[in-house]
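In: following is a predicted model, sequence given first.
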Amino acid sequence: MNKEEQLNAIKEDFINCQKVLLAIGDETRQAILLVLMGTDCQTGLRVGEITEQTHLSRPAVSHHLKILREAGVILMRKEGTKNFYYINVRSELGSLKTLVQHIEEFMQKNY
């Protein structure tokens, strides 16, 4: 792959990662992700539990959870009327790894 092809691949990677980068780039969402990472992956947490641990309002937590869900970073499991949120281990976060690998390969090859 020549330099131009590599740059085009990296450009595509950036496009593919855009939603995830925007979702995880926010400090509040990072705090929510850290709380979720501290729990059992299968069990997850309810909005109220996340609210307690982050000291954010319920509407704020719900808003940020929606953004994280739309980006594919977290998932929600329904149990009756209760919703549990947890990290999506097969998420779009893998696309970030590909982006970083392509950038590293480009830098090693061209500099």
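Out: All right, it came through fine. For clarity, every value in this text was computed on a predicted model and none was experimentally measured. Numbers count the residues shown, from 1 in each chain.
In: and residue 15, that's in a helix?
Out: Yes - note on residue 15: a helix contains this position according to DSSP: H, G, I helix; E, B strand; the rest coil.
In: residues near it, how many?
Out: Other residues within reach of residue 15 by the criterion other CB atoms under 10 Å amount to 11. Just so you know, the C-beta spots here come from the backbone N, C-alpha and C atoms, and that holds for glycine as well.
In: please report how far it lies from residue 5.
Out: When distance is defined by CB to CB, to the nearest Å, residue 15 is 16 Å away from residue 5.
In: what segments of the protein are strands?
Out: Listed in chain order, the strands of the chain (DSSP state E) span residues 74-79, 82-87.
In: for those, give me a markdown table that also has distance to residue 43, mean pLDDT and mean neighbour count.
Out: Formatted as a markdown table, the strands of the chain follow (distance: least, CB to CB, whole Å; pLDDT from 0 to 100; neighbours: other CB atoms under 10 Å):
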| stretch | distance to residue 43 | mean pLDDT | mean neighbour count |
| --- | --- | --- | --- |
| strand 74-79 | 9 | 94 | 14 |
| strand 82-87 | 7 | 94 | 17 |
